[in-house]
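[1] Below are the sequence and a predicted model; questions follow.
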Amino acid sequence: MARKPTSNAWQWSRSAETRRVLLEAARAVFAAHGYDGASIADVVERAGSSVGSLYHHFGGKAELFVALWQDHQDAQEQRVVGAVAKARAGGEEDLLTLFVQGARAYFDGAWEQRDVARLFMTGDGPPGFEMMRRTRGHEWIRQNAVLLEAGTDPVDRMTVAVLTTIIGETAREIAASSSRREANALAAAAVTLIRRLDPLRPPAPATP
């Protein structure tokens, strides 16, 4: 006999679904109107929910926007981690190639979620949002340094920061692209540039 779900499990499932529906509605409303132009009323109407439910799950408009951004960032991070893990499982050991695989996955996410990516590029957000983005950016650089097994001297830190910036700026251009073909061309150009800046390749000996 099938086991009936417990009351707590049912309530958690229902709560998770409500949260998902509200985030999907917020994604559409924020993408269409920006942070300042969006309203809680628009979100709950689109979600078929209530203002009370939104405040229960998120606390307000600012928290809803931040939750949407965090979901986007987490999804991008999962894409990158998955791509790197898959390449490693396939026998890839070259660190720069692993880095490039992660970058390609990030570019794919920027295209597939270009509506929210464009939203977060505008700088339109609640107070403190820009500081959150900077903090996440610093963590991204640290993670890339770990992946590339970069050293701690200033040149290594600068190189990893530049490579990370290339990925971020390329993703911005991809999100603004008018076609997948254009997005693919940008991704290919970024990969070429990353390989030219290979931080793991020993410098050429000085010419006498």
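    Sure, I can see it. Being a predicted model, the structure only gives us computed values, none of them experimental.
[2] Hmm, Arg46 is touching Leu22, no?
    No. Look at Arg46 against Leu22 with Cβ atoms under 8 Å: they stay out of range, at 9.2 Å. (Each C-beta comes from the backbone N, C-alpha and C, glycine too.)
[3] Between these two, point out the one with more neighbours.
    Each of Arg46 and Leu22 has its neighbours counted (other Cβ atoms under 10 Å); Leu22 has more, 24 against 17.
[4] and the more buried one, what element?
    Secondary structure from DSSP states H and E places Leu22 in helix 7-37.
[5] residues in contact with Ala41?
    Val51 (Cβ atoms under 8 Å, 6 or more residues apart in numbering).
[6] follow-up on the earlier one: residues that sit against both of Arg46 and Leu22, list them.
    Contacts common to Arg46 and Leu22, judged by Cβ under 8 Å, 6+ apart, are absent.
[7] Can you list the buried residues in the least confident helix or strand in the chain by mean pLDDT?
    Every helix and strand of the chain was ranked by mean pLDDT, DSSP states H and E. The lowest is helix 7-37, at a mean of 82. Using 16 or more other Cβ atoms under 10 Å as the test for burial, helix 7-37 gives 18-19, 21-23, 25-31, 35.
[8] Tell me the one of those nearest Ala110?
    Ala31 (14.3 Å; Cβ to Cβ).
[9] what about the residue lying closest to that closest one once chain neighbours are set aside, neighbour count?
    Ranked by Cβ to Cβ, 6 or more residues apart in numbering and with sequence neighbours excluded, the top spatial neighbour of Ala31 is Asp115, at 4.3 Å. Look at Asp115: counted by other Cβ under 10 Å, it has 14 neighbours.
[10] One more: the one 5 residues further on?
    Look at Phe120: counted by other Cβ under 10 Å, it has 21 neighbours.
[11] List the residues that contact the residue most central in space within the chain.
    By Cα atoms, centre = their mean, the chain has its centre lying nearest to Gln73, at 3.1 Å. Counting by Cβ under 8 Å, 6+ apart, Gln73 touches Arg136.
[12] Could you check how far it is from Thr122?
    The gap separating Gln73 from Thr122 is 16 Å, by Cβ to Cβ, to the nearest Å.
[13] give me every residue that touches Thr170.
    Thr170 sits in contact with Ala103, Phe107, Ala110, Leu186, Ala187, Ala189, Ala190, where contact means Cβ under 8 Å, 6+ apart.
[14] Now with 10 Å, please.
    Ala103, Tyr106, Phe107, Ala110, Ala183, Leu186, Ala187, Ala189, Ala190, Val191, Leu193, Ile194 (Cβ atoms under 10 Å, 6 or more residues apart in numbering).
[15] The fifth one is in what secondary structure piece?
    The reference is to Ala183. helix 180-196.
[16] That helix: which residues count as buried?
    Neighbour-count burial for helix 180-196 [16+ other Cβ under 10 Å]: Ala183, Leu186, Ala187, Ala190, Val191, Ile194.
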